[in-house]
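**Q** Pasting the sequence and the predicted coordinates here, then a few questions.
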Amino acid sequence: MLSDRQSAAGSIPRILISADRSSSGKTTISMGLMAVLVSRGYKVQPFKVALDYIDPSYHTEITGRFCRNLDGYLMGESGILDVYTHACEAGDQADITIIEGVRGLYEGFESLSDLGSTAQVAKILKCPVILVINARSITRSSAALVNGYKNFDPDVEISGVILNNIGSRRHAEKAKEAIEYYTGVPVIGIVPRDPSMQISMRHLGLIPALEGRRRLGDGGFDARLQGIEEIINKGIDVDRFLEIAKRAEPLKSPENSVFSPAPNAGVSRLKIGVALDEAFNFYYRDNLDLLELAGAEIVYFSPVKDTSLPEVDGLYIGGGYPELFAAELEANESMRQDIKKASAAGMPIYAECGGLMYLTEKISTGVPGKGTYHDASMPESTYSMVGALPGHTVMGQTRVVSYNIGILTKDCLIGKKGNSFKGHEFHHSEIREIPEDAEFAITLSRGTGIKHDKDGLISGNTLGSYAHLHGVAYRELAGSLVEAARKFRESRTLP
């Protein structure tokens with residue numbers, strides 16, 4: 001039996017925007033549709049399939065609601081339903097949910113199943129799908145594409161098509177007529193080729209929204225988003241889009257949610273410092289919610305701008321682009337020294353990817369012979385970092401994008417020896433000059449890690465890893481971090 005709250009979340013109109021392949025324009029179109037609906041007064045709850053951080057930063061910026069990630073490989077059906085329900089109910093209940101897919105509709109973990117794909121999420125959430133087609137240089141062939149996607153898996157409900165990169169009125173008419181005649185799927189949008197629809201890219205994808213606002217200024221950033229909204233509002237039948245979203249069947253939510261307060265979570269809350277600025281902003285919002293539910297008070301700070309650490313019982317330094325802000329991070333010596341002293345004092349410090357890089361001794365960028373970065377200007381230089389962990393971070397040609405599977409080989413601040421996890425790694429760097437006697441807390445059976453299938457480099461109570469963990473997939477994460485912070489606080493108050 002579902003509770004009223006669960007029933008309400010499951011009945012919210014929802015729709016999923018996918019595409020025939022990457023770079024079809026689904027991210028920009030998703031952003032524009034979210035902006036149009038927000039302008040019409042809707043409370044839009046955004047989601048992103050898979051584990052990307054950057055697209056969700058725009059969805060959050062546009063809607064004013066935290067975008068959540070949905071990954072069938074990591075979370076399974078119950079986890080996806082749990083994240084979906086929690087997000088819809090957080091704050092004021094959403095009026096509509098928009099889910100942006102990843103890559104092509106059927107791309108996933110395996111070739112012979114939909115595991116980890118956008119299609120898997122669409123089926124779990126019983127979600128109508130809008131298929132974005134990059135129609136540059138094709139007309140009648142677009143009908144063959146739509147038919148192929150429609151018939152490949154009849155359990156995926158393709159309910160509409162948006163044609164992107166349309167060059168002329170005649171181009172649009174021919175493609176639309178062919179799709180609707182041969183497939184029966186309505187074309188609900190025609191989006192013209194327009195350079196203002198482009199969002200700046202670089203080696204890990206889009207520039208994050210927080211950094212984009214800094215680089216373009218508030219006026220330039222808002223103008224770019226407003227321009228996208230205007231094009232989408234003109235080119236897409238938004239009323240038809242809403243009608244399709246309302247067709248979604250009611251959902252059942254899992255009875256036991258991971259998003260439940262821990263016993264005594266409200267008593268003597270532990271303060272966890274979370275690094276948040278242009279250099280560090282890759283966080284799954286669910287992880288922060290789970291930390292709060294486990295008994296933490298989140299205290300944000302900036303390794304770029306703040307001159308000292310706030311009064312906290314532990315630190316969480318997420319991913320991002322420390323290599324692009326290395327000069328500023330190096331110049332902020334007082335912050336680097338504060339973090340190093342906190343590490344030496346035994347404060348629990350958990351760092352993922354960019355955070356790991358920041359905690360090493362130095363970062364080298366623009367290394368000769370190591371390739372270039374897509375729209376990322378980095379001079380040839382080496383910068384001093386925190387030095388709480390051994391090693392030298394080198395930006396290079398290495399590009400790792402992969403799920404990973406690991407096991408904890410010793411008790412540490414993220415869990416007990418023998419705990420296993422599924423996670424994700426996405427980086428363009430490698431750690432060199434690691435001492436032979438360096439300690440690692442994680443052994444990977446899948447993935448690259450830091451060195452020879454090892455990840456989770458540790459020094460005292462500081463742990464840095466290339467693995468990104470999601471608290472719904474690895475449920476020990478939040479509770480373990482809060483418990484480590486509790487022990488540290490108690491150690492400082494002992495006589």
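**A** Structure's in. What do you need?
**Q** Which neighbouring elements make contact with the helix or strand containing Ile244?
**A** For Ile244, the host element (DSSP states H and E) is helix 238-245. Packing partners of helix 238-245 (3 or more Cβ pairs under 8 Å, 6 or more residues apart in numbering; DSSP states H and E): strand 14-19, helix 26-39, strand 158-166, strand 187-192. All C-beta spots, glycine's among them, are computed from the backbone N, C-alpha and C.
**Q** Glu177 and Arg170, how far apart?
**A** Applying Cβ to Cβ, to the nearest Å, the value for Glu177 to Arg170 is 11 Å.
**Q** Pick out whichever of the two has more residues nearby.
**A** Set Glu177 next to Arg170 and count neighbours by other Cβ atoms under 10 Å: Glu177 wins out with 14 against 10.
**Q** Can you tell me what sits against whichever strand or helix holds that one?
**A** Per DSSP H and E, Glu177 falls inside helix 169-183. Residues outside helix 169-183 that contact it (Cβ atoms under 8 Å, 6 or more residues apart in numbering) are 133, 135, 138-140, 142-144, 146-147, 150, 161, 163, 166, 185-187, 190.
**Q** Mark which of those are buried, thanks.
**A** 133, 135, 138-139, 142-143, 146-147, 150, 161, 163, 166, 185, 187, 190 (16 or more other Cβ atoms under 10 Å).
**Q** from the residues you listed, which two are the most distant?
**A** The distance between the two most remote of the buried ones among the contacts of helix 169-183 (Cβ to Cβ) is 20.8 Å, for Lys150 and Ile166.
**Q** tell me the mean pLDDT for the strand or helix carrying Asn151?
**A** Following DSSP H and E, one finds Asn151 within helix 141-152. Computed over helix 141-152, the mean pLDDT rounds to 98.
**Q** Also compute the angle for it relative to helix 169-183, please.
**A** 30 degrees (axes from the mean of the first three to the mean of the last three Cα atoms, to 10 degrees).
**Q** quick one: low-confidence ranges for this protein?
**A** In the prediction, the chain carries residues with pLDDT under 70 at positions 1-7, 196-207, 210-219, 266-267, 369-377, 397, 494-495.
**Q** For it, which residue occupies the most central location?
**A** For the chain, Tyr53 is the residue whose C-alpha lies nearest the centre (Cα atoms, centre = their mean; 2.5 Å).
**Q** Got the phi and psi for that one?
**A** phi -100, psi -20 (degrees, to the nearest 10).
**Q** which residues touch it?
**A** Contacts of Tyr53 by Cβ under 8 Å, 6+ apart are 208, 281-284, 319.
**Q** ok, now with 10 Å
**A** When contacts are counted by Cβ atoms under 10 Å, 6 or more residues apart in numbering, Tyr53 touches 67, 69, 204-206, 208, 281-284, 318-320, 353, 426, 468.
**Q** Isn't Lys126 up against Leu251?
**A** Yes. The pair Lys126 / Leu251 is scored as a contact, 6.2 Å apart, by Cβ atoms under 10 Å.
**Q** So which of the two has more stuff around it?
**A** Per other Cβ under 10 Å, whichever of Lys126 and Leu251 has more neighbours is Leu251, with 21 against 16.
**Q** how near is the closest residue to the more buried one other than its chain neighbours to Ala87?
**A** Using Cβ to Cβ, 6 or more residues apart in numbering and skipping the chain neighbours, the partner closest in space to Leu251 is Gly10 (3.4 Å). Per Cβ to Cβ, Gly10 is found 13 Å from Ala87.
**Q** picking up where we left off before, which elements pack onto the helix holding Asn151?
**A** strand 129-134, strand 158-166, helix 169-183 (3 or more Cβ pairs under 10 Å, 6 or more residues apart in numbering; DSSP states H and E).
**Q** Could you say which one of those comes nearest to Lys26?
**A** For Lys26, the closest of those is strand 129-134, at 4.5 Å, according to Cβ to Cβ.
**Q** Which positions in stretch 414-422 come out as buried?
**A** 414-415, 419, 421-422.
**Q** Pairing partners for the strand ranked longest in the chain, with directions?
**A** The single longest strand within the chain, with elements called by DSSP state E, is strand 392-408. Note on strand 392-408: by DSSP bridges, its sheet partners are strand 362-365 (parallel), strand 420-432 (antiparallel), strand 439-446 (antiparallel).
**Q** any idea how far Thr28 is from Val132?
**A** Counting by Cβ to Cβ, the gap from Thr28 to Val132 is 10 Å.
**Q** so what's in contact with these two at the same time?
**A** Joint contacts of Thr28 and Val132 (Cβ under 10 Å, 6+ apart) are 164, 191.
**Q** These two: who's more crowded?
**A** Each of Thr28 and Val132 has its neighbours counted (other Cβ under 10 Å); Val132 has more, 28 against 23.
**Q** from memory Asp82 sits against Asn256, does it?
**A** Yes. Counting by Cβ under 10 Å, Asp82 touches Asn256, with 8.6 Å between them.
**Q** of the two, who's got more company?
**A** Asp82 (20 against 7).
**Q** List the residues that contact the closest residue to Pro56 other than its chain neighbours.
**A** Taking Cβ to Cβ, 6+ apart, and ignoring the residues beside it in sequence, Pro56 has Cys67 as its nearest neighbour in space, at 3.5 Å. Residues near Cys67 by Cβ under 10 Å, 6+ apart: 34, 45-48, 52-53, 55-61, 87, 98-100, 284-285.
**Q** Which of these fall within strands?
**A** Using DSSP E, the contacts of Cys67 in strands are 45-48, 98-100.
**Q** And the closest residue to Asp237 other than its chain neighbours, how far from Tyr106?
**A** Using Cβ to Cβ, 6+ apart and skipping the chain neighbours, the partner closest in space to Asp237 is Ile188 (4.8 Å). Per Cβ to Cβ, Ile188 is found 21 Å from Tyr106.
**Q** How about Gly64?
**A** 32 Å.
**Q** Looking at Gly10 and Ala87, which has the bigger crowd around it?
**A** Between Gly10 and Ala87, counted using other Cβ under 10 Å, Ala87 has the larger neighbour count: 25 against 21.
**Q** Was I right to think the more buried one contacts Arg65?
**A** Yes. Between Ala87 and Arg65 a contact is recorded at 7.7 Å, counting by Cβ under 10 Å.
**Q** which neighbours do these two share?
**A** 45-46, 94, 97, 285.
**Q** Now render those as CSV, adding distance to Ile405 and neighbour count.
**A** Listed next are these as CSV, based on distance: Cβ to Cβ, whole Å; neighbours: other Cβ atoms under 10 Å:
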residue, distance to Ile405, neighbour count
Gln45, 30, 28
Pro46, 28, 26
Ala94, 33, 22
Thr97, 30, 25
Arg285, 24, 18
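**Q** and those residues as CSV, adding distance to Val386?
**A** Shown next, in CSV, are those (distance: Cβ to Cβ, whole Å):
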residue, distance to Val386
Gln45, 37
Pro46, 34
Ala94, 40
Thr97, 40
Arg285, 26
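**Q** Where do the strands of the stretch 301-450 of the chain begin and end?
**A** Per DSSP state E, counting those that start in this stretch, the stretch 301-450 of the chain carries strands over the ranges 314-317, 319-320, 349-352, 362-365, 381-384, 392-408, 420-432, 439-446.
**Q** picking up where we left off before, got the helices and strands packed on helix 141-152 as JSON lines, with distance to Leu477 columns?
**A** Compiled in JSON lines, the helices and strands packed on helix 141-152 are given as follows (distance: least, Cβ to Cβ, whole Å):
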{"stretch": "strand 129-134", "distance to Leu477": "32"}
{"stretch": "strand 158-166", "distance to Leu477": "36"}
{"stretch": "helix 169-183", "distance to Leu477": "44"}
